[in-house]
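# what follows is a predicted protein model with its sequence.
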Amino acid sequence: MKTIELKRTPSNELSYTMVLQSIETPYKVWADPDRVKRFNKFFGPGIVAEVLKINSEQRLVGLRLTTTTKGEPASADVAQASSSSPETGNAASSDADF
């Protein structure tokens, strides 16, 4: 684990991001929709999991867990998360192999 980031979203939810260096496992494995569903189920109700590509050169992946009272994060929260870092993205990123 490289870093842990704790933030409050614009809709006053708690966001916890663990940044890991993933030398052996490609980003596309982390971001597989079935795997993300398993993260959601594992961390329980009221938590939404997202996988973020933090830095492809350093092979850094973020697992963001966000509390939610409605079952899904507010769209403003997701938009802010996606724009918080130029390297951050989702499975549709052009560097999907990494």
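Nice, I can see it.

# look up how far Leu6 lies from the nearest residue to Arg59 once chain neighbours are set aside.
Excluding its sequence neighbours, the residue lying closest to Arg59 (C-beta to C-beta, 6 or more residues apart in numbering) is Ser22, at 5.3 Å. C-betas here are computed from N, CA, C, even on glycine. Ser22 sits at a distance of 21 Å from Leu6 (criterion: C-beta to C-beta, to the nearest Å).

# ok, now Glu50?
15 Å.

# which of these two has more neighbours?
Between Glu50 and Leu6, counted using other C-beta atoms under 10 Å, Glu50 has the larger neighbour count: 22 against 8.

# so the more buried one, which state does it fall into?
Under DSSP: H, G, I helix; E, B strand; the rest coil, Glu50 falls in the strand class.

# just give the nearest non-adjacent residue to it, would you?
Nearest residue to Glu50, sequence neighbours excluded (C-beta to C-beta, 6+ apart): Arg64, at 4.4 Å.
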